[in-house]
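Enquirer: Next input, structure requested:
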Amino acid sequence: MPRKKRDAAPGIHHVVVGATGPSPYFADDIDRITWVRFLLKTLAEYKWRCVVLCQMTTHVHVMFEIPDESLPIGMHALNTAYGKRFNARHDRLGNLLRTRYWSTRMKDDAQLLAAFRYAARNPVRAGMCERAEDWFWSSFATSCGLALTFPFVDASRVLSLLDASPTAPGQALIALVRD
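Expert: Predicted coordinates for the structure are as follows:
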């Protein structure tokens, strides 16, 4: 039976990619940086915007604003490039990914806020840090104005939905994620 066709319509998509079994998707910081480099190439090539990203150990959450129907093609390019590099670097054979990426397109503002919150809170729920803004491998601190780690991430769509102070927009994001 063929797989269900993906929703590739333009819009904001929450995407999750994970490693096979309990294996790491990111074994170390070099892998994390390598993935970000491939992500930047994908963003530029397909003219996507990144709304949030959060690298865990076995998986990654990312939200993309996609202007066309390029999500499957771009994700294939990103996953293939990263998987090949990961396998070569770690002298590994076989599929890195447990399955094809998971994604859902945001249908309304409430879903967008919930997905952003979920992605940002992932390391807190996993016990990797106490506050979402403390996880280095998440764009959340950058979106809050507390770090410059991921300057290409644009959470302005999320901020536009919050009652954010123009002088401290990050406080609205922190309130969203901590509530």
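Enquirer: State the three-state secondary structure for the most centrally placed residue in the chain.
Expert: Central residue of the chain (CA atoms, centre = their mean): Val62, 1.5 Å from the mean position. Secondary structure, DSSP: H, G, I helix; E, B strand; the rest coil: Val62 is strand.
Enquirer: What's the separation between Thr80 and Phe38?
Expert: Thr80 sits 9 Å away from Phe38, taking CB to CB, to the nearest Å as the criterion. Quick note: C-beta positions are derived from backbone N, CA and C, even for glycine.
Enquirer: just to revisit the earlier point, surely the residue nearest to the centre of the chain meets Val52?
Expert: Yes: at 7.0 Å, Val62 counts as touching Val52 under the criterion of CB atoms under 8 Å.
Enquirer: Mind giving me the packing neighbours of the helix or strand of the chain with the lowest mean pLDDT?
Expert: Across the helices and strands of the chain, mean confidence by mean pLDDT, DSSP states H and E is lowest for helix 169-178: a mean of 91. In terms of contacts (3 or more CB pairs under 8 Å, 6 or more residues apart in numbering; DSSP states H and E), helix 169-178 is packed against helix 109-125, helix 140-143, helix 156-161.
Enquirer: Fine by me, we can end here.
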